[in-house]
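Chemist: generate a structure from the sequence data that follows.
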Amino acid sequence: MEKFIEESKACFDIVIYDTPPVTVISDTSILISKIAASLLVLRSGVSSRRVVQKGFDTIKESKANLIGMVLNDSSSWDDRVYSHYYHAYQKS
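Modeler: Model (predicted):
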């Protein structure tokens, strides 16, 4: 895998690795320690506080470069609120 990562770096500007959950498969923590940066993806309403903490702990232990988090499958309590900000942003 290390050879593949190095060859990919030489051929492409950006390589995205979609891995199994860091809290489920130990191979993920090994992989993220060898790549340039990682994002932790959390599912709104599904990822428990305990699982998120375990994910952070695993990432910290693997010495991975965590650059951010993504919260997916989230919905606004009222789409009109989001719509208001979106249209205000477009006008500016």
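Chemist: okay, now the residue lying closest to Leu40 once chain neighbours are set aside: neighbour count?
Modeler: If the residues on either side of it in the chain are set aside, Leu40 comes closest to Met69, at 4.7 Å by CB to CB, 6 or more residues apart in numbering. Quick note: C-beta positions are derived from backbone N, CA and C, even for glycine. Met69: 13 surrounding residues under other CB atoms under 10 Å.
Chemist: residues contacting Met69?
Modeler: Applying CB atoms under 8 Å, 6 or more residues apart in numbering to Met69 gives the contacts 39-42.
Chemist: and the strands in the chain?
Modeler: Under the criterion DSSP state E, the chain contains strands at 38-43, 66-72.
Chemist: tell me the most buried of those?
Modeler: strand 38-43 (a mean of 16; mean count of other CB atoms under 10 Å).
Chemist: distance from the chain centre to that strand, please.
Modeler: Centroid separation for strand 38-43 versus its chain: 3 Å, with CA atoms, centre = their mean, to the nearest Å.
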